[in-house]
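**Student:** What shape does this take:
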Amino acid sequence: MRTRIVFAFFLLVWIILLVRIYQISIKSNTYYETLAKQNIVKKEWILPVRGEILDVNGKPLAINKIGFQILIDPHLSSKKMLPELKKALNNIKEKFPDVNVTKLMRRYKRYDSPYRHEPIRMIKFLPYEKVLPHFTGLSRKPHITIKPTTKRYYPYGEITAHVVGYVGKANEKDINEDPVVKLIKVAGKSGLEKKYNVFLEGKPGYKNVKVSAFNKCIDTLEVIPPIEDRDLKLYLDIELQSYISNLFKGKAGVAIVMRTDGAIISAGSYPSFDPNIFVGGISRTAWKNLIDDLNHPFTNKFIHGLYPPGSIIKPGVAEAFLDSGKISPYTKFYCNGAVELGSHKFRCWKNVGHLKTDMVKAIRESCDVYFYKGSLLVGIDKIAADLRKMGLGVKTGIDMPNEFIGVVPDKSWKASKYRQPWYMGETLNASIGQGYVLITPMQAARYTALLAKGKLPVPRLVSYIGDKKVEPIIKDVLTPVQKKYLPNVQKSMYEVCNHPKGTATHYLKGIKLKIAGKTGTAQVIGIPQEEKRRMKEHELAYFHRSHAWMTTYGPYNDPQYVVTVLVEHGGHGGAATGKIIKNIYNWLVDHKYIK
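**Tutor:** Purely as a prediction, here's the structure:
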């Protein structure tokens, strides 16, 4: 009985063995034949050259520097092949003395693996002119491959950093959003580089090549070229952008120059940073210096800076008053320097008051009491709804990523955010652009274009995507009543800049055309505790100073351009911004933008 059991066991083992031999030798023959073919025919991706970004006159703002990358064959880190690896690295060192062989050795060992078939990239980028004298000699060395590559470069550095943005090493989020990035390994991280990343990066091509067992190319079987040469052309004029950058030396803030149809010919956030430091990977020290700077050079303030608008909001509030039907352009309120509400006094900036004041005078001389009293009649919900309709506290739609919204508060907003009722005093604060109200400078520029032309444009930086023209988008948002009384508001803004008592007139002396606008002085509500701890005493005093605004359009009789300027901690609106505004308009006249 035991003998039979042993015999049956061995018989079963032999049957299993024979079945397995059949599977390997017969059934799997097709599979291994296919696999063998794949081992000698390899697909190599051909990466596209990233599209360039050009200014209105075709001057390059983002280009690709041509260079080379150096790669070494895999499987050289074993004890047997280590001399070959050292020899290859020393060959590189011989041509490029700055190369750190020890560092390259560590890099190679980190990436080498028995399962790897692709060469290992040792040096990501060397400039074309540096490699060219050594190209022939180095390319003949065993185990070394030299391949052409490109590196993104921003010729104007910090002058265009916040508009153009920058590219950097792709992360998992980038790859999930765009599979092409997995091959290219870089992605747009901010600005237009991020917004138009899919367009600029193009589409990879490939070639099928026959290779030897040592991964050397024997023959090229098929080539599908990449889709590339997809450029962006902007409305932006780099000469104006550079000029304004010089005007802001030593200052922090924003300047925007926009056509009244929304075409942006200059947009700057100051201070700025050099985007080239991100292309090859930024050091920890450089990154810390950037984010610790109390003037926030890394923040794109024209779409990410949130500021109380102060008095620049008053023309829009006046339009809400007029549309309510409760106030006309000729309604007068008496200003004695303050309004009492319960036990609290809300003061006008002019302590002695403006006396009897109608709408034109109130905007011209920036009377707070006029807006306090008017807002009590009209109410916050009407004011807030109309301001949002005019482009404040809502996205502008600019072709930039991650635009901030801001806040134009009303009763429902406060109930939702704080679970508290709305108080009348908060209406008074909101009516002069203080309290909870926060807007971006780009919203201010767009709102000013509406006041200039009666229609609300969508701001645009890009004029051509490849050969496709980007058409302007302009919205009709004003009610018939607001359109009827818009000339009254425009007259008041003209007097701000031209009347002897206008808040900007004194600061615009020497300007070469007639403009209209509004100044604003916005109080700094508070400084984050973390920043306050890092400030010295004199810095603390500076950062508590009010922000200075002026937003304008010109020429007055034929509005073509909006110029909006914010100087952080600049104090009085007109004093800090007037000279900058004047110089920008004079540049526009001198360079035939305004005729």
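
**Student:** Please report phi then psi for Leu234.
**Tutor:** The phi and psi values for Leu234, taken as degrees, to the nearest 10, are phi -110, psi 160.

**Student:** Excluding covalently adjacent residues, which one is nearest to His506?
**Tutor:** Spatially, and ignoring its direct neighbours in sequence, His506 is nearest to Gly574 (7.0 Å; C-beta to C-beta, 6 or more residues apart in numbering). In this view, the C-beta of every residue, glycine as well, is placed from N, C-alpha and C.

**Student:** residues touching the one you found, list them.
**Tutor:** Residues near Gly574 by C-beta atoms under 8 Å, 6 or more residues apart in numbering: 503-504, 506-507, 519, 548, 550.

**Student:** For Lys169, give the beta-bridge partners.
**Tutor:** Lys169 has these beta-bridge partners by DSSP bridges: Val186.

**Student:** Apologies, that question was intended for Lys147.
**Tutor:** According to DSSP bridges, beta-bridge pairing links Lys147 with Gln69.

**Student:** I'd like to know how far it sits from Pro119.
**Tutor:** Computed as C-beta to C-beta, to the nearest Å, the Lys147 to Pro119 distance reads 9 Å.

**Student:** neighbour count winner among these two?
**Tutor:** Counting neighbours by other C-beta atoms under 10 Å for Lys147 and for Pro119 shows that Pro119 has the greater number, 17 against 11.

**Student:** So the more buried one sits against Thr145, correct?
**Tutor:** Yes - contact criterion C-beta atoms under 8 Å: Pro119 and Thr145 qualify, at 5.2 Å.

**Student:** which neighbours do the two share?
**Tutor:** Counting by C-beta under 8 Å, 6+ apart, the residues touching both Pro119 and Thr145 are 71-73.

**Student:** follow-up on the earlier one: just the buried ones out of the contacts of Gly574, please.
**Tutor:** Buried members of the contacts of Gly574, scored by 16 or more other C-beta atoms under 10 Å, are 503-504, 507, 519, 548, 550.

**Student:** could you dump the residues you listed to CSV with distance to Lys86, secondary structure and pLDDT?
**Tutor:** As requested, these are exported to CSV (distance: C-beta to C-beta, whole Å; DSSP: H, G, I helix; E, B strand; the rest coil; pLDDT from 0 to 100):
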residue, distance to Lys86, secondary structure, pLDDT
Thr503, 74, coil, 96
Ala504, 72, coil, 97
Tyr507, 70, helix, 97
Thr519, 70, strand, 98
Ala548, 63, strand, 96
Met550, 66, strand, 98
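
**Student:** Can you tell me which of these is nearest Cys497?
**Tutor:** Nearest to Cys497 among the buried ones among the contacts of Gly574 is Ala504, at 4.7 Å by C-beta to C-beta.

**Student:** ok, the closest one - contacts?
**Tutor:** Counting by C-beta under 8 Å, 6+ apart, the residues that Ala504 touches are 496-497, 517-519, 550, 552, 573-574, 578, 581.

**Student:** Repeat the analysis, applying 7 Å as the threshold.
**Tutor:** Ala504 makes contact with 496-497, 517, 519, 550, 574, 578, according to C-beta atoms under 7 Å, 6 or more residues apart in numbering.

**Student:** Over to Ser366?
**Tutor:** 311, 314, 349, 503, 519.

**Student:** rerun at 10 Å
**Tutor:** The contact partners of Ser366, taken as C-beta atoms under 10 Å, 6 or more residues apart in numbering, are 310-312, 314, 348-350, 354, 432, 496, 502-504, 518-521, 573-574.

**Student:** Kindly report the same for Ile515.
**Tutor:** 452, 493-494, 496-498, 504, 508, 552-556, 559, 561-563, 581-582, 585.

**Student:** separation between it and Asn176?
**Tutor:** Distance, Ile515 to Asn176, by C-beta to C-beta: 48 Å.

**Student:** Also Asp231?
**Tutor:** Per C-beta to C-beta, Asp231 is found 27 Å from Asn176.

**Student:** These two - which one has more neighbours?
**Tutor:** Neighbours per residue (other C-beta under 10 Å) separate Asp231 from Asn176, with Asp231 holding more: 19 against 10.

**Student:** Would you confirm that that one contacts Leu192?
**Tutor:** No - under the criterion of C-beta atoms under 10 Å, Asp231 makes no contact with Leu192, lying 11.4 Å away.

**Student:** now Ser311, nearest residue through space, not along the chain?
**Tutor:** Leaving aside its chain neighbours, Ser311 sits nearest to Gly520 (4.1 Å; criterion: C-beta to C-beta, 6+ apart).

**Student:** Secondary structure of that neighbour: a helix, I assume?
**Tutor:** No - under DSSP: H, G, I helix; E, B strand; the rest coil, Gly520 falls outside any helix and is assigned strand.

**Student:** pLDDT on whichever helix or strand Ala452 is part of, on average?
**Tutor:** Element membership for Ala452, per DSSP states H and E: helix 441-453. Regarding helix 441-453, the rounded mean pLDDT is 99.

**Student:** now for the helix or strand just after it, which elements pack on it?
**Tutor:** Downstream of helix 441-453, the next assigned helix or strand under DSSP H and E is strand 456-457. In this structure, strand 456-457 makes packing contacts with helix 441-453, strand 474-475, judged by 3 or more C-beta pairs under 10 Å, 6 or more residues apart in numbering; DSSP states H and E.

**Student:** mean confidence for strand 456-457?
**Tutor:** Averaging the model's pLDDT scores along strand 456-457 yields 99.

**Student:** Next: stretch 148-166.
**Tutor:** pLDDT averaged over stretch 148-166 gives 95.

**Student:** Report the separation between the two terminal residues of it.
**Tutor:** 22 Å (C-alpha to C-alpha, to the nearest Å).

**Student:** Tell me which helix or strand comes right after the helix or strand containing Ser412.
**Tutor:** Per DSSP H and E, Ser412 falls inside helix 411-418. Sequence-wise, the next helix or strand downstream of helix 411-418 (DSSP H and E) is helix 424-431.

**Student:** Are there residues contacting both of Asp231 and Leu192? Which ones?
**Tutor:** 53, 62, 199-200.

**Student:** can you list the domains in this structure?
**Tutor:** 44-234, 238-590 (automatic domain parsing).

**Student:** Quickly note the distance from the most centrally placed residue in the chain to Ile159.
**Tutor:** Among the residues of the chain, the one closest to the centroid is Gly191, at 3.0 Å (C-alpha atoms, centre = their mean). Look at Gly191 and Ile159: by C-beta to C-beta, they are 13 Å apart.

**Student:** And for Ile265?
**Tutor:** Separation of Ile265 from Ile159 (C-beta to C-beta) stands at 14 Å.

**Student:** Likewise for Pro472?
**Tutor:** 25 Å.

**Student:** Asn91 reaches Met122, doesn't it?
**Tutor:** No - at 11.3 Å, Asn91 and Met122 do not qualify as touching, with contact defined as C-beta under 10 Å.

**Student:** shared neighbours of the two, which are they?
**Tutor:** 70, 72, 144.

**Student:** now those in JSON lines, with distance to Gly466?
**Tutor:** Shown next, in JSON lines, are those (distance: C-beta to C-beta, whole Å):
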{"residue": "Ile70", "distance to Gly466": "34"}
{"residue": "Ile72", "distance to Gly466": "38"}
{"residue": "Ile144", "distance to Gly466": "38"}
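
**Student:** any chance of those in CSV, plus pLDDT?
**Tutor:** Formatted as CSV, the shared contacts of Asn91 and Met122 follow (pLDDT from 0 to 100):
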residue, pLDDT
Ile70, 83
Ile72, 80
Ile144, 78
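
**Student:** Just the buried ones from the residues you listed, in ChimeraX syntax?
**Tutor:** The buried subset of the shared contacts of Asn91 and Met122, as determined by 16+ other C-beta under 10 Å, is captured in ChimeraX by this line:
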select :70,72,144
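
**Student:** how near is the closest residue in space to Glu319 that isn't next to it in sequence to Ile72?
**Tutor:** In this structure, Glu319 finds its nearest non-sequential neighbour in Gln482, 5.0 Å apart by C-beta to C-beta, 6+ apart. Separation of Gln482 from Ile72 (C-beta to C-beta): 70 Å.
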